[in-house]
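Engineer: coords please:
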Amino acid sequence: MGEPDLEELRAWSEQVATFFASMAGWPPITGRVLGWLMVCDPAEQSAADIVEATGASRASLTSTMRMLVASGMVRRLTRAGGRTTYFRIDDNAWSQVLRQRFQLVAAFAKITGDGVQLLGEGSPRSARVRAAHDIFRWFDQEIEPLWRRYEAGR
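Structural biologist: Numbers count the residues shown, from 1 in each chain. Alright, predicted model coming up:
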């Protein structure tokens, strides 16, 4: 299997864009840029590089990069003596972002636990809160062993 050409890389980036647009409601350009930064070479890309590869406008790229940097998926960097800002996805970005997302599970398990304490047992509304608490608590308890296995296997 040879190296993919530019059009194949753009097509794959479009699949990433379509996935995140349908699953997370992201604007297509955000997923397109994320996909591009996953497969580009070199790994560090300037705004001009990204605009050329994705067809994004400078204005939409600015807001897209701000969102991706704030989310922790993309890191902004400069080179010594240079004025250009580059963007890259670090190899551990996905695990860091997923760990942050799973911390939300623990936080919501705490909130639903407080709700169970507040409402007690036996009412329809307490059953709804209990059902949410049960699933979030279960995932919270299962996630840490998953992370330990993942880290051990790296």
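Engineer: now do the helices in the chain.
Structural biologist: 6-24, 28-39, 47-54, 58-71, 93-119, 124-153 (DSSP state H).
Engineer: please name every helix or strand in contact with the longest one.
Structural biologist: Counting by 3 or more CB pairs under 8 Å, 6 or more residues apart in numbering; DSSP states H and E, the packing neighbours recorded for helix 124-153 are helix 93-119. Using the backbone N, CA and C atoms, a C-beta is placed for each residue, glycine as well.
Engineer: report the angle between the helix it packs on and helix 58-71.
Structural biologist: Compare the direction of helix 93-119 with that of helix 58-71 by axes from the mean of the first three to the mean of the last three CA atoms, to 10 degrees and you get 60 degrees.
Engineer: output the contacting helices and strands for helix 93-119.
Structural biologist: helix 124-153.
Engineer: tilt between the helix it packs on and helix 93-119?
Structural biologist: 150 degrees.
Engineer: how about the helices of the chain in a markdown table, adding distance to residue 85, mean neighbour count and mean pLDDT?
Structural biologist: Output for these, formatted as a markdown table (distance: least, CB to CB, whole Å; neighbours: other CB atoms under 10 Å; pLDDT from 0 to 100):
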| stretch | distance to residue 85 | mean neighbour count | mean pLDDT |
| --- | --- | --- | --- |
| helix 6-24 | 21 | 14 | 96 |
| helix 28-39 | 13 | 23 | 96 |
| helix 47-54 | 7 | 18 | 96 |
| helix 58-71 | 9 | 15 | 93 |
| helix 93-119 | 17 | 14 | 94 |
| helix 124-153 | 32 | 13 | 94 |
